[in-house]
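In: pasted the sequence and its predicted model underneath.
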Amino acid sequence: MRRAGQITAAARELAGKMVRPGVTTLEIDTAVRKFIESQGAKPSFLGYGGFPGSACISVNDEVIHGIPSNLVLKEGDIVSVDVGAYIDGFHGDCAATFPCGKISEEAARLIAVTEQSFWEGMKFARFGYRIGDISHAIQKYVEDNGFSIVRDFVGHGIGAQLHESPEVPNYGTPGRGPRLAPGMTLAVEPMVNQGDWRVKVMRDGWTVRTADGSLAAHYENTFLITKGDPEILTQVGDLRV
C-alpha cells in the first residue's frame, strides 16, 4: 500500500506541474500513464468500469470523472486530477485541484477550503472514532466557509480493490457509522462546490458537473488507521518526478 501510494502521489504531483495554459487534458493523462507504468505499476482507473483514461481530469464546473481529451486549458481554469496506481496487489488513490495560471480569489479559496476540509477530517481518523466523525468534520468546515459538499459521491475503503467497504461520506452525523480500527485503509475525498451541492452526470456516463454551473474542487488521500496518528500513504517519499 505504501509503494502504491507513493507512485500515485508522484503521479498527482506530475499532473499538477503540467497544469498551465495551452496544455490539453489528454497530454496530462498520457504523461500520468507513462509515469505510473515506468514505476512498474498500472493505472488503477484505465479500463475501470470502461473508463478510457488513466486519470480523471475535471475542469471548472466538472466535479469528478472528467474524461481526458483535446480540451486546451486556459488561464483562470481550475483543474482537478484524480489518479490511482496498482502494484503488487494493492491500489493507491489520490486527487487535488490545481490552478491554471492566475485564478480568481474565490476559486483559490475554494481549492484551499477543499484541501483543508480533508485535514479537518483527519483529526478524527483515529482508533475509536467512527466514520461519521470524519464525515461531520469535513462537512462542518466546508459549510462554515460558505461552500457545499457533494452528497452523491463518497470516499471509500481501499486495498486489493480500488473501492472497498466502508463508504466514507463527506457529510454526516458524528458518532455514527463503522468504528475505526488499526489496519483499516481508507480514501477520503471531499468534493466541494462553490454553489449548490447538487450535481448531474453527463451523457458520456462519466463526467459529473455541478447542477448550477458553479466551480468545484476535489482533494483526496489514501491513509492508514493506526493506534496513533493516521499515516498518509499517498506521499511522494523518495520518488522523484
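Out: Sure thing, it's come through.
In: now residue 229: how far from residue 128?
Out: According to CB to CB, to the nearest Å, residue 229 stands 13 Å off from residue 128. (Each C-beta comes from the backbone N, C-alpha and C, glycine too.)
In: next one: residue 189
Out: Distance, residue 189 to residue 128, using CB to CB: 23 Å.
In: neighbour count winner among those two?
Out: Comparing residue 189 with residue 128 by other CB atoms under 10 Å, the one with more neighbours is residue 189, at 26 against 11.
In: that one: what's it in contact with?
Out: Residues counted as contacts of residue 189 (CB atoms under 8 Å, 6 or more residues apart in numbering) are 82, 93, 95, 118, 154, 155, 170, 218, 219, 220.
In: got these as JSON lines, with secondary structure columns?
Out: Putting the contacts of residue 189 into JSON lines (DSSP: H, G, I helix; E, B strand; the rest coil) gives the following:
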{"residue": "82", "secondary structure": "strand"}
{"residue": "93", "secondary structure": "strand"}
{"residue": "95", "secondary structure": "strand"}
{"residue": "118", "secondary structure": "helix"}
{"residue": "154", "secondary structure": "coil"}
{"residue": "155", "secondary structure": "strand"}
{"residue": "170", "secondary structure": "coil"}
{"residue": "218", "secondary structure": "strand"}
{"residue": "219", "secondary structure": "coil"}
{"residue": "220", "secondary structure": "strand"}
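In: okay if I get the residues you listed as TSV plus pLDDT, distance to residue 235 and neighbour count?
Out: TSV is the format used below for these (pLDDT from 0 to 100; distance: CB to CB, whole Å; neighbours: other CB atoms under 10 Å):
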residue	pLDDT	distance to residue 235	neighbour count
82	98	17	26
93	98	13	29
95	98	14	28
118	98	14	26
154	98	23	20
155	98	18	27
170	98	22	27
218	98	18	26
219	98	14	24
220	98	13	25
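In: give me the low-pLDDT residue ranges for the chain?
Out: Within the chain, the stretches with pLDDT under 70 are 238-241.
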